[in-house]
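Asker: 3D model of this:
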Amino acid sequence: MQTRRVQSFSLVLPPLLLVISIFISSIAIVMAEVPSEATVHIIFTEKPPVDDVESHHIHTLTAVLGSEEAAKQSLIYVYKNAATGFSAKLTPQQVEELSKQPGVLQIMPSQKMQLHSGRVGLH
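Answerer: Just a heads-up that it's a prediction; the model follows:
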């Protein structure tokens, strides 16, 4: 009786391990293929030493994104007055790489704020 259980177990174990390993491999492949979604971030920088601030920011982004075209597509807005910096769509990995670039002071995820009307509560 005991040997039958061992034989049954030894017959079931290899296919079971194969199914489990295929399942784990497929999960790993799917996770590797799904890129991190890019979200909008605000990047505060030191004042660029050049007059063409936008070109400077594109150059900074190019170092991380790999091409000037990708940098231009990612760039959303250039801040020149109250603060120096720009906003861009970046993945978490790109945020990490950009934070190491010279002149980058801080990177914050952009947040939508709900404006409040002055009329609330006045009836």
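Asker: domain ranges for this protein?
Answerer: What automatic domain parsing lists as the domains of the chain is 1-34, 39-109.
Asker: now the end-to-end length of the last one.
Answerer: This points to domain 39-109. By C-alpha to C-alpha, to the nearest Å, the extent of domain 39-109 from end to end equals 8 Å.
Asker: now stretch 43-61
Answerer: End-to-end distance (C-alpha to C-alpha), stretch 43-61: 10 Å.
Asker: now tell me what touches that stretch from outside.
Answerer: Contacting residues not belonging to stretch 43-61 are listed as 68, 70-72, 74-75, 78, 80, 83-88, 98, 101, 103-108 [C-beta atoms under 8 Å, 6 or more residues apart in numbering]. No exception for glycine: its C-beta is placed from N, CA and C like everyone else's.
Asker: which positions within that stretch qualify as buried?
Answerer: Residues of stretch 43-61 classed as buried by neighbour count (16 or more other C-beta atoms under 10 Å): 43, 45, 48, 53, 56-58, 60-61.
Asker: cool, and stretch 60-72?
Answerer: In stretch 60-72, counting by 16+ other C-beta under 10 Å, buried: 60-62, 64-65, 71.
Asker: after the helix or strand of the chain with the lowest mean pLDDT, next one along is what?
Answerer: Counting by mean pLDDT, DSSP states H and E, the chain has its least confident helix or strand at helix 2-33, which shows a mean of 61. Beyond helix 2-33 on the C-terminal side, the first helix or strand identified by DSSP states H and E is strand 39-45.
Asker: and the following helix or strand past that following strand with strand 39-45, angle?
Answerer: Counting by DSSP H and E, the next helix or strand C-terminal to strand 39-45 is helix 53-65. When axes from the mean of the first three to the mean of the last three C-alpha atoms, to 10 degrees is applied, the directions of helix 53-65 and strand 39-45 differ by 120 degrees.
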